[in-house]
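[1] can you look at this prediction? I've put the sequence above it.
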Amino acid sequence: MLSGCASLVSGISSRMANDLADAILNSSDVDTVREGVPAYLLLIDSFLRSSPEDVDLLVAAARLNGSYSTFADDDRAKLLSQKSLDYAIRAVCITNSDLCDLQSTDFEEFQITVDELTIEQIDAAYTLGVAWAGWIQVHSSDWNAIGQLGRVKALMEKIIELDESWDAGGAHLYMGGLETLLPAAMGGRPEKGRAHFEQALEFSSGEYLMTQVIYAEQYARLIFDKDLHDRLLQEVIDADPVVEGMTLTNRIAQARAAELLAESDEYF
């Protein structure tokens, strides 16, 4: 009976966490989310004390901490992105024990383990890739963190192989960003990145506006294509941001697009 009660509480907690994550992502009030989410992060931490091996709850916690890190200052963003990554690693570790030491195992062994991922593990694996990419971004001045980019790329490539439409083509968006971190002369692959951005736009039907913003900021600026840069950003500004599961990010994307477009003449 005690086991049954624990399972029931765990199920309720997971649903609450996922509903909360969905409510936040569908909010159009960026300021309210910025001010209100910290309390809910503590609530989810309390759920995890009771259900530390609930994969759905860990995934929701990783999503929320990672999303909120975009609002935080540098020091707090590092803390939140670390929590997001820790939760994501715990989730994949439960689904596949070979992934428990994925940051320290040698790359060949890591690649073999990633190659064996199945479609049933895609949610936790994708959450890990997103959390890991966010962690690397806020630690971009640390070459030890940059050295893990290859592992994130391998993970996202596997997600694309399993289901490239997952999360509206999100893996393509992250791959586009990773391929355009550096110019071609320094090892970047801008045109490969562009192909991934175009795929992400196709799978999201252009409704996930952060795709166009990252496409403009990382690819168009990298190759000094002002026409593409300005067109993408204007599309974002003119779009309706209210889209199921994307509204909050779309509002943030529109604000960022306005900033980048205002700088366009000076940059180019």
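    That came through fine.
[2] how near is Ala185 to Leu222?
    11 Å (C-beta to C-beta, to the nearest Å). Backbone N, C-alpha and C define where each C-beta goes, glycine included.
[3] comparing the two, which residue is more hemmed in?
    A count of neighbours by other C-beta atoms under 10 Å puts Leu222 above the other of Ala185 and Leu222, at 17 against 6.
[4] pLDDT score for the more buried one?
    If you check Leu222, the pLDDT there is 95.
[5] with Ser104 instead?
    pLDDT at Ser104 comes out at 81.
[6] quick check on it: phi, psi?
    Dihedral angles of Ser104 (phi, psi; degrees, to the nearest 10) stand at phi -110, psi -20.
[7] likewise Ala21?
    phi -60, psi -40.
[8] I figured it hits Asn65, correct?
    No - counting by C-beta atoms under 8 Å, Asn65 is not a contact partner of Ala21; they are 10.4 Å apart.
[9] ok, these two, which is more surrounded?
    Asn65 (25 against 20).
[10] now the more buried one: how far from Ile146?
    22 Å.
[11] try Glu161
    Glu161 is 24 Å from Ile146, by C-beta to C-beta.
[12] again, but for Met16
    37 Å.
[13] and those two? Which one has more around it.
    Met16 (16 against 13).
[14] for that one, which non-adjacent residue is spatially closest?
    In space, and not counting its chain neighbours, Met16 is closest to Phe47: 7.4 Å by C-beta to C-beta, 6 or more residues apart in numbering.
[15] pretty sure the one you found is in contact with Leu58, am I right?
    No - in this structure Phe47 lies outside contact range of Leu58 using C-beta under 8 Å: 10.0 Å.
[16] ok, these two, which is more surrounded?
    For Phe47 versus Leu58, the count of surrounding residues by other C-beta under 10 Å is larger for Leu58: 28 against 20.
[17] ranges for the helices of the stretch 151-268 of the chain?
    Under the criterion DSSP state H, counting those that start in this stretch, helices of the stretch 151-268 of the chain are mapped to 166-179, 190-204, 210-214, 226-238, 247-262, 264-267.
[18] pLDDT of the shortest one, averaged?
    So the one you mean is helix 264-267. On average, helix 264-267 scores 96.
[19] got the domain ranges for the chain?
    Annotated domains of the chain cover 1-148, 164-268 [automatic domain parsing].
[20] for those domains, which has the smallest mean pLDDT value?
    domain 1-148 (a mean of 81).
[21] centre of the chain to it, how far?
    Here domain 1-148 is found 10 Å from its chain centre; the criterion is C-alpha atoms, centre = their mean, to the nearest Å.
[22] going forward can the numbers begin at 246, since that is how I track them
    Happy to do that; since the first residue is 246 now, the last one works out to domain 246-393.
[23] show me the strands in the stretch 246-395 of the chain, by range?
    Per DSSP state E, counting those that start in this stretch, the stretch 246-395 of the chain carries no strands over any range.
[24] look up phi and psi at Pro428.
    Note on Pro428: its backbone torsions stand at phi -70, psi 160 [degrees, to the nearest 10].
[25] apart from its chain neighbours, what residue comes closest to it?
    Pro428 sits nearest to Leu467 (C-beta to C-beta, 6+ apart), 6.0 Å away.
[26] before we move on, what about Leu446?
    Thr456 (5.6 Å).
[27] look up how far Phe442 lies from the one you found.
    Taken as C-beta to C-beta, the span from Thr456 to Phe442 is 7 Å.
[28] and for these two, which residues touch both?
    Residues touching both Thr456 and Phe442 by C-beta atoms under 8 Å, 6 or more residues apart in numbering: Leu418.
[29] between these two, which has more neighbouring residues?
    Thr456 (30 against 27).
[30] for that one, list the residues it contacts.
    Leu418, Phe442, Ala445, Leu446, Ser449.
[31] so how far is Ala484 from it?
    Counting by C-beta to C-beta - Thr456 and Ala484 are separated by 11 Å.
[32] so which of the helices of the stretch 396-513 of the chain is nearest Ala369?
    Within the helices of the stretch 396-513 of the chain, the stretch nearest Ala369 is helix 411-424; the backing value is 12.0 Å (C-beta to C-beta).
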